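Visitor: Need coordinates for the following:
(2 chains)
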Amino acid sequence: MIRTRFAPSPTGYLHIGGLRTALFSWLWARKNKGKFLLRIEDTDLSRNSDKAVDAILEAFNWVGMSYDGDAIFQSKRFDIYKKYIDKLLEEGKAYRCYMSREELDTLRAEQMARGERARYDGRYRDFRGTPPEGIKPVIRIKAPQEGNIIFNDGIKGEISIASTEVDDFIIARSDGTPTYNFVVAIDDALMGLTDVIRGDDHLYNTPKQIVVYRALGFKIPNFYHVAMINNEQGKKLSKRDGATDVMEYKNMGYLPEALLNFLVRLGWSHGDQEIFTIDEMIELFDPKNINRSSSNYNLDKLLWLNSHYIKNMSNEKLATLLKEYGVDIVEHNRLNLILNATKERGKTLVELANQINLILKAPKEYDKKSSKRAFRGEAKEILKKFIILLQSWETPLDAPADYHKVLEKFVSDNSIGFGKIGQPLRVGLLGSMRGSGLDEIMAILGVDEVVKRVDRVVATL
RNA sequence: GACCCUUUCAUCUAGUGGCCAAGGAUAUUGCGUUUUCAUCGCAAAAACAAAGGUUCAAAUCCUUUAGGGGUCGCCA
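Guide: Numbering: from 1, shown residues only, chains lettered A, B, ... in the order given. Reported below is the predicted structural model:
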């Protein structure tokens, strides 16, 4: 059975990079009817925040991802790690190192000056003497000193790193608390993970974790290192260009299905397919089709996807969602008309809400440029005449098609083009030259409201 | 600086030695539809980082160079 995990450290909100790796892991588990587990990496006791955990769960909930079982908190598993540290110590696979921080700093500076990769030199590896006084030791694991550490990455292929590049890294701090690479390996093993999908900023941690796996005799899982998401300029993502809280996307009016569709195609592909329902993603996802190279974050496509999902969403569901964006038309008897007239004009729910308000709320002012164009010539007379025709119409006016008949009769009676009435009428009703179809607008507003708005604008001309 | 990863249109990508004078999508531009805007339809422009090899044949394999990213913590 496939078992994957998402293992964030609770230092802040969830951003799209994290959401994407979580998505990949989640899809892979769901596709294989396996388990997707959540683990909170909070071993650094000074940097924890419960809020951060809530933020992650809120984001998961919004996009509809769920994890199996209970979330695991590393901070509650210190006794387990301690046991393994003692075991390694006993077996001589780990040792106490009495090097002071100052000594370490000096060593690193020297190595860097020589143009080497900074790494611990193993001076206490076989230490048998009397420990220096006043130093609380750290515990280091014995890494291999020769050969290469090789593993097969599911995305990048065989990765080989010289053992000389991997030092005897610290597995327990001088205060006794365990460190990241140690606990990750233990938990990944104990949680029975078969596939670890994570960002390729962890690529260099993998050989270290393999050292732990081997020392403890654990089975090594499959690793998949997904390349980073960069900004449009190909640089590291910053808060300005995408590394914002996932929930910000909700505030900006994006649909979760659009965001997931966007993210799944960032680095992964299934031939030429662009649109994926969640079920399709689950069915088709395979980490072997993840791209090796990093991808650039670009909002255009997300916007396009979002408008696609808005256009294809049921009116009932849209209406419900719109309540959070300041528009409540759930009980409106023209609900379908309103959304059919506007949903192609809003790329986000925020824009859609604006479009709806544009119709539902009488214009407070009339766009200058539009007015200038629309209200020239005989516009005033034409509007007056149109109102008369509208009010004297004999058959009931209900559907957009009914209003269309009125418009048709009006232009033919007066031998004018649609534009002659369309432009002033539109500006009179909406305050702007652009917007939904007049037939729909009038059907939504009804005769009385149309007359009211036109009267008002006529009075200003 | 050292080590590791990576490099196809502006962007996301298809492509695993011949089907590629490189396909799709977004964005852009033009045309059409429309009373406006949007949607939609059609079309255009747009890329194998560079140089050397290997091969009958290379976007695909190898080497070097250049660009980008990551890592070098008693952070995760």
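Visitor: quick check, the helix or strand containing A:E110 touching RNA strand B?
Guide: In the assignment (DSSP states H and E), A:E110 maps to helix A:101-113. Yes - contact between helix A:101-113 and RNA strand B, assessed by Cβ under 7 Å from any atom of the strand, occurs at A:101, A:104, A:108, A:112. For glycine as for every other residue, the C-beta is placed from the backbone atoms N, C-alpha and C.
Visitor: Those residues into TSV, with extra columns for pLDDT, neighbour count and distance to A:S412?
Guide: Shown next, in TSV, are these (pLDDT from 0 to 100; neighbours: other Cβ atoms under 10 Å; distance: Cβ to Cβ, whole Å):
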residue	pLDDT	neighbour count	distance to A:S412
A:R101	91	10	90
A:L104	94	16	90
A:R108	92	15	87
A:M112	87	11	85
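Visitor: and A:I310, how many residues sit next to it?
Guide: Around A:I310 there are 25 other residues, counting by other Cβ atoms under 10 Å.
Visitor: List the buried residues in the longest helix belonging to chain A.
Guide: Looking across chain A with DSSP state H, the single longest helix is helix A:438-460. Judged by neighbour count using 16 or more other Cβ atoms under 10 Å, the buried positions of helix A:438-460 are A:438-445, A:447, A:450-451, A:453-454, A:457-458.
Visitor: between the residues you listed, which is nearest A:Q273?
Guide: A:E440 (33.6 Å; Cβ to Cβ).
Visitor: Once you drop chain neighbours, what's closest to the closest one?
Guide: Spatial nearest neighbour of A:E440, chain neighbours left out: A:A341 (3.8 Å); criterion: Cβ to Cβ, 6 or more residues apart in numbering.
Visitor: who touches that neighbour in this structure?
Guide: If a contact means Cβ atoms under 8 Å, 6 or more residues apart in numbering, then A:A341 has A:359, A:436-437, A:440-441, A:444 as its contacts.
Visitor: just curious, which of those is nearest to RNA strand B?
Guide: Nearest to RNA strand B among the contacts of A:A341 is A:G437, at 4.0 Å by Cβ to the nearest atom of the strand.
Visitor: Now name the helix or strand holding the nearest residue to that closest one once chain neighbours are set aside.
Guide: Using Cβ to Cβ, 6+ apart and skipping residues adjacent in sequence, the residue nearest A:G437 is A:A341, 6.4 Å away. Using DSSP H and E, the element containing A:A341 is helix A:335-342.
Visitor: and of the residues of helix A:101-113 next to RNA strand B, the nearest to A:K87?
Guide: A:L104 (25.8 Å).
Visitor: ok, the residue of chain A most remote from its centre - contacts?
Guide: Centroid-distance maximum for chain A: A:D413 at 55.9 Å, with Cα atoms, centre = their mean. The neighbourhood of A:D413, defined by Cβ under 8 Å, 6+ apart, consists of A:L389.
Visitor: again, but for A:D188
Guide: A:5, A:196, A:209, A:221.
Visitor: Just give the nearest non-adjacent residue to the third one, would you?
Guide: Just to be clear, that refers to A:Q209. Nearest non-adjacent residue to A:Q209, counting by Cβ to Cβ, 6+ apart: A:A185, 4.1 Å away.
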